[in-house]
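> Here's my sequence, what's the structure:
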Amino acid sequence: MDLSPIQNDILITLISLYEKKSIPIKGEEIAEIILRNAGTVRNQMQALKAIGLVDGIPGPKGGYHPTMLAYKELNLKRDGETYEVKISRDGEIVPGVKVGEIIFSTLSHADICHAQIRIIGSVKLFNNGDVITIGPTPVNKLLIKGEVFGKDENEPALIISILEMVSLPKKPIRDYMSTPTKMLSTRSSLKDAVKLFNTNHIHGAPVMDGGFLMGIVTMSDILQAIEKDSPLDTHVSEVMTEDVVYADAQVQLYEVIRKFKERSIGRLIVFEDNKPVGILTQSDIFRTLPTN
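Just a heads-up that it's a prediction; the model follows:
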């Protein structure tokens, strides 16, 4: 279901407060946090209640609490099973440590951006100067990269200077892939591939044998073959890459970004109902990220 921005903010805040307190949350408390009028929050709560995301508890100690459907809507877990936000260093997850809370302390400063990362685990596993990556977080898929410059063993917490921060797109990759997919057959020649690429302004295509995916060929593959004096009537099956990286069309975009890095690839094939339906490239991903 499509929630409005204010409904989304209210629901996220409600869940956050409910997880901390385990008691019904009053609309006024939510309004104070999201800087909205309490009456507006109460009106939106009625709408959220009507669609099954919120339950109301009457009485002086009453308030609101999220339903299981609310957790599902925001892709969260409950009933004692929490989403673990990891910390990575040099591309490796730091074992035995997870993030409990992120507090931004200097977002309004023109030149610096610091944050306190409260952790569950030991700060002794980190040193000043370590460059760490936090996330993605469960709701907004926030990914933060920063340098440790301080530690608080009492909290425990890490103090970091933020180097990069982005909220990763949450839609499935079918919303970002290039379609329709232009395909080659195993009997297509290098000349056929060059013509297909130039006509459609693309740099790679799946190689099919009937209904089966056999590989992928890119312009780089063709140029390397030509440099080795391969004739233009050479079949693309002789120069294609057989180890094809692919993903289901319903997988969320942030989940496949790691594949691009780990496999050092520029594109992957998108499948739906066991058939290739598109190609996702690094350029497709870059276009989804904020530029300001």
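
> CA atoms for contacts and neighbours, from now on please.
OK.

> hey, which helix is longest across the protein?
helix 5-21 (DSSP state H).

> Run through the helices of the stretch 101-250 of the chain in chain order.
Ranges of helices within the stretch 101-250 of the chain are 190-200, 219-227, based on DSSP state H, counting those that start in this stretch.

> export those to JSON lines and tack on mean pLDDT and distance to residue 285?
Below are the helices of the stretch 101-250 of the chain laid out as JSON lines (pLDDT from 0 to 100; distance: least, Cα to Cα, whole Å):
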{"stretch": "helix 190-200", "mean pLDDT": "93", "distance to residue 285": "19"}
{"stretch": "helix 219-227", "mean pLDDT": "92", "distance to residue 285": "20"}
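
> okay if I get those helices as JSON lines plus distance to residue 168 and mean neighbour count?
Shown next, in JSON lines, are those (distance: least, Cα to Cα, whole Å; neighbours: other Cα atoms under 10 Å):
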{"stretch": "helix 190-200", "distance to residue 168": "29", "mean neighbour count": "16"}
{"stretch": "helix 219-227", "distance to residue 168": "29", "mean neighbour count": "15"}
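
> Out of those, which is closest to residue 247?
Closest to residue 247 of these, according to Cα to Cα: helix 219-227, at 21.7 Å.

> Please report the distance of residue 158 from residue 131.
12 Å (Cα to Cα, to the nearest Å).

> Pull up the overlap in contacts between these two.
Common neighbours of residue 158 and residue 131, counting by Cα atoms under 8 Å, 6 or more residues apart in numbering, are residue 148.

> what about residue 276, helix or strand, and which?
strand 275-281 (DSSP states H and E).

> how far out from the middle of the chain is that strand?
19 Å (Cα atoms, centre = their mean, to the nearest Å).

> tell me which residues in the next helix or strand after that strand are buried?
Per DSSP H and E, the first helix or strand lying C-terminal to strand 275-281 is helix 282-288. If you call a residue buried by 16 or more other Cα atoms under 10 Å, then helix 282-288 has these buried ones: residue 285.

> Under the pLDDT cut-off, which ranges of the stretch 1-150 of the chain? List them.
1, 75-83, 106-111, 139 (pLDDT under 70).

> Strands of that one, start to end?
Here the stretch 1-150 of the chain has its strands, by DSSP state E, counting those that start in this stretch, at 54-57, 63-66, 85-89, 92-104, 114-120, 131-134, 142-152.

> a markdown table for those, including mean neighbour count and distance to residue 287?
Below are the strands of the stretch 1-150 of the chain laid out as a markdown table (neighbours: other Cα atoms under 10 Å; distance: least, Cα to Cα, whole Å):
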| stretch | mean neighbour count | distance to residue 287 |
| --- | --- | --- |
| strand 54-57 | 18 | 35 |
| strand 63-66 | 21 | 35 |
| strand 85-89 | 18 | 25 |
| strand 92-104 | 15 | 27 |
| strand 114-120 | 20 | 27 |
| strand 131-134 | 21 | 22 |
| strand 142-152 | 18 | 17 |
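
> Turn those into CSV, columns for distance to residue 25.
Listed next are the strands of the stretch 1-150 of the chain as CSV, based on distance: least, Cα to Cα, whole Å:
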stretch, distance to residue 25
strand 54-57, 9
strand 63-66, 5
strand 85-89, 25
strand 92-104, 20
strand 114-120, 24
strand 131-134, 29
strand 142-152, 25
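
> so which of these comes closest to residue 238?
Closest of the strands of the stretch 1-150 of the chain to residue 238 is strand 92-104, at 36.6 Å (criterion: Cα to Cα).
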